[in-house]
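**Student:** Sequence and predicted model, in that order:
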Amino acid sequence: MKKTIAVLPGDGIGKEVTKGAVEVLKAVGQCFNHQFEFVYGLIGGGAIDQEGTPLPSSTKQMCGKADAVLLGAVGGPKWDSLPPHMRPEKGLLGLRKELDVYANLRPVSFYESLVDSSPLKREYIENVDFIIVRELTGGLYFGKPSERAQHNGEESVVDTLFYKRHEMKRIIKTAFDIASIRNKRVTSVDKANVLESSRMWREVAEEIAKDYPDVALEHMLVDAAAMKLIQNPKHFDVVVTENMFGDILSDEASMLTGSLGMLPSASLSLEGPSLYEPIHGSAPDIAGTDKANPIAAILSVAMMLRYSFQLEEEAKHVEQAVEQVLSAGFRTADLAKPGQSYLSTTKMIEEIIDTIVDDA
Ligand code: NAI
Ligand code: MG
């Protein structure tokens, strides 16, 4: 298989972890006989410094032509005082919109060796394995109007939760497709007792479910889902929800497994390249110290192999290598207990690559 991957390292530790992710792809290419080619572009603060804009048109074009996009992270204190439309984060939001990556997938998996990193007790989190499918390009974060106004002489404000039917359909269908190759269960999360948008969401979910007779659909109110994520996270397998509910629930869920440095994500489009990135930011506090955990970026590459290239065996191979390295006791600083020794970013990458190559 021959694929071109657009790499946008971005700022801070984005650069450090992306380097590891690219090395992992190269190793997978060699072991499984695929040809991965890499093209590099600017985004975020680095792009502002060099091109005067957080998302240069050359980056957009390069990403549009690639088979998949790998991103590190953007931002940092250097650019914090810029006006909102010029900030590094605008580059990332612009890219998501440009690529129309409407489906944000955030898997939440339990690692036996990291059981002590979670604030929850073992019996709650043991064998947790679910995926949140969050709508990423619509809803309250994009609806218009979103503004302040005077209302009968008093300052007032409005945000708009707007969805078109096709936007609901495509994200819910994505969840069912994923459920079909997992455990055939979908939990659709909404607030249908209050919101009209949620009532339509339920309707669409029921409609889509008819095309997937072997997948069970359940509806859950978002407040109940927030509680259940802590009370019985093992209940969940595939969770699908709109943008804001997904934002909140996925941050809540990230604490089930411990470190931010462990969580990958994929943002899928219907056609055209999808976007893969760790969920963490540019971590200015540790940037340049070779201390970042590269695993979230490396697991994002596993998601790329699975979802963009349909290379399930290769994806599993990468995930297993990560698990093996953790089980062997290797840690980066964020995962180490006080006093425990840990590996640099560079050494952790080397351990994972060695395991990938040795086990192929
Ligand atoms: P952050 O995720 O960069 O860092 C939060 C904390 O987690 C820090 O203490 C950091 O050292 C630690 N951390 C994060 N990733 C880590 C890793 N891989 N290994 C070890 N430790 C890790 O979030 P923060 O500090 O709120 O934001 C820093 C900058 O990143 C800001 O400019 C923010 O806007 C940007 N950001 C960018 C994102 C993106 O590009 N997708 C997402 C979140 C924040
Ligand atoms: Mg969030």
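**Tutor:** Thanks, I have it. Numbers count the residues shown, from 1 in each chain. Ligands and ions are numbered 1, 2, ... in the order given.

**Student:** quick one, helices of this protein?
**Tutor:** 13-32, 45-51, 57-65, 88-99, 122-125, 165-180, 196-209, 222-231, 243-254, 295-307, 312-327, 345-359 (DSSP state H).

**Student:** hey, which of the ones you listed is tucked in deepest?
**Tutor:** helix 295-307 (a mean of 26; mean count of other Cβ atoms under 10 Å). All C-beta spots, glycine's among them, are computed from the backbone N, C-alpha and C.

**Student:** what's the domain layout of this protein?
**Tutor:** 1-107+260-360, 129-255 (automatic domain parsing).

**Student:** Excluding residues flanking it in the chain, which one is nearest the residue in the stretch 1-150 of the chain positioned nearest to ligand 2?
**Tutor:** Using Cβ to the ion, the closest approach of the stretch 1-150 of the chain to ligand 2 is made by residue 134 at 9.4 Å. Nearest-residue entry for residue 134: residue 246, 2.7 Å, with adjacent residues in sequence omitted and distances by Cβ to Cβ, 6 or more residues apart in numbering.

**Student:** For the chain, which residues are neighbours of ligand 2?
**Tutor:** Selection of the chain residues close to ligand 2 by Cβ under 5 Å from the ion yields 247, 251.

**Student:** Enumerate every residue touching the residue positioned nearest the centre of the chain.
**Tutor:** When Cα atoms, centre = their mean is applied to the chain, the residue found nearest the centroid is residue 265 (2.0 Å). Contacts for residue 265 (Cβ atoms under 8 Å, 6 or more residues apart in numbering) come out as 104-106, 276-279, 300, 303.

**Student:** what's the lowest-pLDDT member of those?
**Tutor:** For the contacts of residue 265, the weakest pLDDT value sits at residue 279, with 89.

**Student:** mind checking how far residue 327 is from residue 321?
**Tutor:** 11 Å (Cβ to Cβ, to the nearest Å).

**Student:** what do you get for residue 142?
**Tutor:** Taken as Cβ to Cβ, the span from residue 142 to residue 321 is 38 Å.

**Student:** Now do the same contact list for residue 86.
**Tutor:** For residue 86, counting by Cβ under 8 Å, 6+ apart, the contacting residues are 48, 53-54, 79.

**Student:** swap the cut-off to 7 Å and go again
**Tutor:** With contacts taken as Cβ atoms under 7 Å, 6 or more residues apart in numbering, residue 86 has the following neighbours: 48, 54.

**Student:** The one 4 residues further on too?
**Tutor:** Residues in contact with residue 90 (Cβ under 7 Å, 6+ apart) are residue 54.

**Student:** Okay, and the beta partners of the residue nearest to residue 178 when sequence neighbours are not counted?
**Tutor:** Distance criterion Cβ to Cβ, 6+ apart; nearest residue to residue 178, sequence neighbours excluded, is residue 238 at 5.5 Å. Taking DSSP bridges, one obtains residue 131, residue 186 as the residues bridged to residue 238.

**Student:** Now do residue 342: how many residues are near it, please.
**Tutor:** When neighbours are counted by other Cβ atoms under 10 Å, residue 342 registers 16.

**Student:** how close does it sit to ligand 2?
**Tutor:** 27 Å (Cβ to the ion, to the nearest Å).

**Student:** For the stretch 201-350 of the chain, which residue gets nearest to ligand 2?
**Tutor:** Closest point on the stretch 201-350 of the chain to ligand 2, by Cβ to the ion, is residue 247, at 4.4 Å.

**Student:** how much space between that residue and residue 310?
**Tutor:** 28 Å.

**Student:** next one: residue 109
**Tutor:** According to Cβ to Cβ, residue 109 stands 20 Å off from residue 310.

**Student:** check contacts around the closest residue in space to residue 46 that isn't next to it in sequence.
**Tutor:** Closest residue in space to residue 46, ignoring its immediate chain neighbours: residue 11 at 5.8 Å, by Cβ to Cβ, 6+ apart. Taking Cβ under 7 Å, 6+ apart, we find residue 11 in contact with 44-46, 73-76, 88, 282.

**Student:** ok, and of those, which contact ligand 1?
**Tutor:** Under the cut-off given by Cβ under 6 Å from any ligand atom, ligand 1 has 73-76, 282 from those close to it.

**Student:** What is the most widely separated pair among the residues you listed?
**Tutor:** The most widely separated members of those, counting by Cβ to Cβ, are 73 and 76 (9.2 Å).

**Student:** one step back: please tabulate the helices of the chain in JSON lines and include distance to residue 269 as additional columns.
**Tutor:** Shown next, in JSON lines, are the helices of the chain (distance: least, Cβ to Cβ, whole Å):
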{"stretch": "helix 13-32", "distance to residue 269": "20"}
{"stretch": "helix 45-51", "distance to residue 269": "22"}
{"stretch": "helix 57-65", "distance to residue 269": "11"}
{"stretch": "helix 88-99", "distance to residue 269": "5"}
{"stretch": "helix 122-125", "distance to residue 269": "32"}
{"stretch": "helix 165-180", "distance to residue 269": "10"}
{"stretch": "helix 196-209", "distance to residue 269": "18"}
{"stretch": "helix 222-231", "distance to residue 269": "25"}
{"stretch": "helix 243-254", "distance to residue 269": "15"}
{"stretch": "helix 295-307", "distance to residue 269": "11"}
{"stretch": "helix 312-327", "distance to residue 269": "19"}
{"stretch": "helix 345-359", "distance to residue 269": "28"}
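
**Student:** nearest to residue 215, of those?
**Tutor:** Using Cβ to Cβ, the helices of the chain put helix 165-180 closest to residue 215, at 4.8 Å.
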